[in-house]
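**Q** Quick one: sequence and predicted model below, then my questions.
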Amino acid sequence: MFDWDDLRIFLAVARGRKIAPAARMLGVDATTIVRRLARLEKALGAELFEIGAGDRILTARGLDLLQHAEAVESAALSAVERVGGMEQKRAGHVRLSVAEGFGTWVLAPGMGDFNRQHPDIRLDLITASGFLNPSKREADMAVMLTRPQRGRLAVRRLGDYRLRLYASPAYLDRVGCPETTADLRDCTLVGYVPEFIFTPELDYLDEVEAGLAANLRSTSIILQHRMIADGAGIGVLPDFIARHDPGLIPLMAHDVEIIRSLWLVMHDDMRRLARIEAVAAWLQDRVALLRAA
């Protein structure tokens, strides 16, 4: 019989595909991870990983074990919640992965109200580059721009938001106002760094006019907003950011309107927990404000 705790080690490596991140997440050293995996493979009489380009890739037997290990993990978490009485309590820890701009301009202004309503919920907003994956239990919940197609996930559409082209009066006074999207080829454009765009929904400029490319680029929408507001160039911004800056001027509003959807994603095992439901309801209320604006 193998040590049940070795399944926890196995899951961390299977999800992260590397030893070092799994070790950091579990708070143990890499040598222990390797030793525990070897012990599990010996107990099961099966090779669970292949090593390729530095990654630990699941074998066919490893993929089979992954399904069972996730079922064991789900049962264990459910037991802890139920026996500990936390399932129906609006209390505990929730990790929410969101895009930086959405977190800054939509969620942060409502955090005080959320805390007053739910003082026993400790809410983490994670705005790392890219979204953390609830399917891999990297986060409890995520607000994504794309609906996931795989994983044991509960997915709900929160709503839509609008993006437009914006510029500052200083920039337009200096170079003039473009009248058509084709005119943008002669303008200084602000946008994302292409190789760091973690979802195609952020690739706005090509949607405005095929072949457009940014001259000034950043992975941060906050920095892009600052550049546009300070007159560096023209760029695409969500309305929920631009409306807080009365100095910004929308360009070609009737011709350029980009719509994106927001998807609430959570692991299927967690969606009925009271603290998760509380955060989900708060998110729905915050997104409703976008429609009302």
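**A** Noted; the coordinates are in hand.
**Q** what sits against the residue lying closest to L96 once chain neighbours are set aside?
**A** Leaving aside its sequence neighbours, L96 sits nearest to M141 (CB to CB, 6 or more residues apart in numbering; 4.9 Å). Placement of C-beta: from N, CA and C, glycine included. Going by CB atoms under 8 Å, 6 or more residues apart in numbering, M141 touches 94-97, 134, 264-266, 270, 276, 279-280.
**Q** where does this protein dip in pLDDT?
**A** 1, 77, 81-88, 129-137, 292-293 (pLDDT under 70).
**Q** where along it do the helices fall?
**A** 5-16, 19-26, 30-44, 60-83, 100-102, 111-117, 169-175, 205-208, 221-229, 239-242, 274-292 (DSSP state H).
**Q** for this protein, what's the longest strand?
**A** strand 153-167 (DSSP state E).
**Q** For it, buried residues please.
**A** Of all the residues in strand 153-167, those buried under the rule 16 or more other CB atoms under 10 Å are 153-155, 158-159, 161, 163-167.
**Q** for stretch 15-29, same thing?
**A** Buried residues in stretch 15-29, counted by 16+ other CB under 10 Å: 15-19, 22-23, 26.
**Q** again with stretch 204-217
**A** By neighbour count with 16+ other CB under 10 Å, stretch 204-217 contains the buried residues 204-205, 208, 212, 214, 217.
**Q** Make JSON lines out of the residues you listed and add distance to L58.
**A** JSON lines is the format used below for these (distance: CB to CB, whole Å):
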{"residue": "Y204", "distance to L58": "36"}
{"residue": "L205", "distance to L58": "38"}
{"residue": "V208", "distance to L58": "41"}
{"residue": "L212", "distance to L58": "41"}
{"residue": "A214", "distance to L58": "38"}
{"residue": "R217", "distance to L58": "36"}
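**Q** of all those residues, which two lie farthest apart?
**A** V208 and R217 (15.5 Å; CB to CB).
**Q** May I have the beta-bridge partners of the residue nearest to L216 when sequence neighbours are not counted?
**A** In space, L216 comes closest to V190 once its chain neighbours are excluded; the distance is 4.9 Å by CB to CB, 6+ apart. When bridges are called by DSSP bridges, V190 pairs up with L216, G235.
**Q** What residues does V190 make contact with?
**A** By CB under 8 Å, 6+ apart, the contact list for V190 reads 214-218, 224, 227-228, 232-235.
**Q** what does L11 give?
**A** Here L11 is in contact with 66, 69-70, 73 (criterion: CB under 8 Å, 6+ apart).
**Q** Drop anything exposed from the residues you listed.
**A** The buried subset of the contacts of L11 - by 16+ other CB under 10 Å - is 66, 69-70.
**Q** And L44, how far from A278?
**A** 40 Å (CB to CB, to the nearest Å).
**Q** quick one, which of the two is more surrounded?
**A** Using other CB atoms under 10 Å, the more surrounded residue of L44 and A278 is A278, with 19 against 15.
**Q** In space, what's closest to the more buried one - neighbours in sequence excluded?
**A** Closest to A278 by CB to CB, 6+ apart is R90, at 4.9 Å.
**Q** quick one, what contacts that neighbour?
**A** 118, 120-121, 274-275, 278.
**Q** Buried among those residues? Need that as a selection in PyMOL.
**A** Per 16+ other CB under 10 Å, the buried members of those correspond to this PyMOL selection:
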select buried, resi 118+121+274+275+278
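**Q** which one of the contacts of R90 sits closest to F10?
**A** Checking the contacts of R90 against F10 by CB to CB gives R275 as the nearest, at 27.6 Å.
**Q** so the closest one sits right up against K89, yeah?
**A** Yes: between R275 and K89 there is a contact under CB atoms under 8 Å: 7.3 Å.
**Q** Which residues are in contact with each of those two?
**A** Common neighbours of R275 and K89 (CB under 8 Å, 6+ apart) do not exist.
**Q** Could you report the separation of T127 from T219?
**A** Taking CB to CB, one finds T127 at 11 Å from T219.
**Q** Between those two, tell me which one has more neighbours.
**A** T127 (18 against 15).
**Q** which phi and psi does the more buried one have?
**A** Here is the backbone geometry of T127 (degrees, to the nearest 10): phi -120, psi 40.
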